[in-house]
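Participant: I would like the atomic coordinates for the input below:
(2 chains)
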Amino acid sequence: DGGITQSPKYLFRKEGQNVTLSCEQNLNHDAMYWYRQDPGQGLRLIYYSQIVNDFQKGDIAEGYSVSREKKESFPLTVTSAQKNPTAFYLCASSTIGGQPQHFGDGTRLSIL
Amino acid sequence: QQQVKQSPQSLIVQKGGISIINCAYENTAFDYFPWYQQFPGKGPALLIAIRPDVSEKKEGRFTISFNKSAKQFSLHIMDSQPGDSATYFCAAMTLHGSSNTGKLIFGQGTTLQVKP
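Facilitator: Below you'll find the predicted structure:
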């Protein structure tokens, strides 16, 4: 079945540690997105990519980094510079500039 | 101007009742307004969407009402069921033209509980 796979489902980070969240899609979508979800704040865009080897900052990119080396993959690294990383992270994809966005089932990141 | 404001934050409805969630926007360049449904521990899934050239769109028990002049749109869930208990997000974006960045702007979300 076509879809978006995020892994791991749960992730724990120690202070000062970088962690990488995986996002893979087999929908043949050009565009991919990373969102952060906190209670009562909706979804906030971290980074997005409309084509391989290109990506743009979203509204809350500080403390995060991404790469887009393959069309199917858009990993997100939460760096030690992100002081409040505890959140639910969602990856999505869509056709270029199009809708709808299809979402994965998220990764919940917590601090040890 | 990029914000989408959603209300209420939470909603409790009896089974069989009508659930109504409202959203308002400022950016008149927005031309695509989807609603997403999210169950706990899952990613959001598209429920229904509307373009501003129509005032209403219905799919089963779900209806979007759109008021372009007021820059408001709402989701109505008729005959609400316990299985509808979830978090609902409205969103908006500019789909066409050079302003299209592919970015969806989400409302803050509404947690709906339908009591049996």
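Participant: Pairing partners for the closest residue to A:Thr5 other than its chain neighbours in the sheet, please.
Facilitator: Nearest non-adjacent residue to A:Thr5, counting by Cβ to Cβ, 6 or more residues apart in numbering or on different chains: A:Glu24, 4.8 Å away. Yep, even glycine has a C-beta here, placed from its N, CA and C like the rest. Counting by DSSP bridges, A:Glu24 forms beta bridges with A:Thr5, A:Ser73.
Participant: what number of residues lie near A:Glu24?
Facilitator: Per other Cβ atoms under 10 Å in any protein chain shown, the neighbour tally for A:Glu24 reads 18.
Participant: which ones are touching it?
Facilitator: Applying Cβ atoms under 8 Å, 6 or more residues apart in numbering or on different chains, we find A:Glu24 in contact with A:4-5, A:72-73.
Participant: one more time with 10 Å, if that's ok
Facilitator: Counting by Cβ atoms under 10 Å, 6 or more residues apart in numbering or on different chains, A:Glu24 touches A:3-7, A:32, A:70, A:72-75, A:91, A:93, A:104.
Participant: Distance of it relative to A:Gln37?
Facilitator: 20 Å (Cβ to Cβ, to the nearest Å).
Participant: list the contacts for the residue of chain A found nearest chain B?
Facilitator: Relative to chain B, the nearest point of chain A is A:Phe103 (3.2 Å; Cβ to the nearest Cβ). Counting by Cβ under 10 Å, 6+ apart, A:Phe103 touches A:3-4, A:6, A:33, A:35, A:43, A:90-93, B:36, B:38, B:42-46.
Participant: Show me the helices in chain B, by range?
Facilitator: Counting by DSSP state H, chain B has no helices to list.
Participant: Give the partner strands of the helix or strand bottoming out on mean pLDDT in it in its sheet and their orientations.
Facilitator: Least confident helix or strand of chain B, by mean pLDDT, DSSP states H and E, is strand B:105-106 with a mean of 92. Sheet pairing here is set by DSSP bridges, and for strand B:105-106 it gives strand B:86-92 (antiparallel).
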